[in-house]
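[1] Predicted model and sequence below, questions to follow.
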Amino acid sequence: MSATESTRYVRLRVDVVLEIDGPAELTEAAEARIDDDEFMPEEERAHAREAAREDSAEALAYLVEPFDLIRDVPGIEMVQASWSSEEIEYDPDALEWDLGEEDGAGEDDDR
């Protein structure tokens with residue numbers, strides 16, 4: 001079997017709900033990451049720092065690196081990644097947050 005025949009692409013989707021109980025620490029860490037980014041132009045850096053100060057979701061987005069999720073997984077190469085972060089209303093008792101219901105429901109219909 002050639003490499004082309006055995007190559008498969010997989011989309012991994014991960015939803016994580018986080019509670020921010022230290023917004024000042026989060027913002028500080030995001031600003032440090034922004035300051036350490038040697039490839040970020042200075043004009044963009046100023047905008048990024050301001051966004052991180054105003055919105056915890058923005059601060060978090062500067063700290064999350066999708067590659068870290070798969071860094072040590074053998075036999076794969078990341079081809080593309082995107083991610084976003086947004087503030088949400090969270091009710092752990094609401095049906096929309098029952099992740100067990102989402103797994104498997106409807107998947108069998110697509111096969």
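    Received it, and whenever you're ready, just let me know what you need.
[2] dump the residue contacts of residue 35.
    Neighbour list for residue 35: 45, 49 [criterion: C-beta atoms under 8 Å, 6 or more residues apart in numbering]. All C-beta spots, glycine's among them, are computed from the backbone N, C-alpha and C.
[3] Quick one: residues contacting residue 51.
    58-59.
[4] How about residue 22?
    If you count contacts by C-beta under 8 Å, 6+ apart, residue 22 has none.
[5] gap between it and residue 52?
    Taking C-beta to C-beta, to the nearest Å as the measure, residue 22 falls 14 Å from residue 52.
[6] Next up, the contacts around residue 77.
    Neighbours of residue 77 in contact, by C-beta under 8 Å, 6+ apart: none.
[7] May I have the phi/psi pair for it?
    Dihedral pair for residue 77: phi -140, psi 130, per degrees, to the nearest 10.
[8] Name the nearest residue to residue 62, sequence neighbours excluded.
    residue 30 (4.4 Å; C-beta to C-beta, 6 or more residues apart in numbering).
[9] And residue 18, which helix or strand is it part of?
    If you go by DSSP states H and E, residue 18 is not part of any helix or strand.
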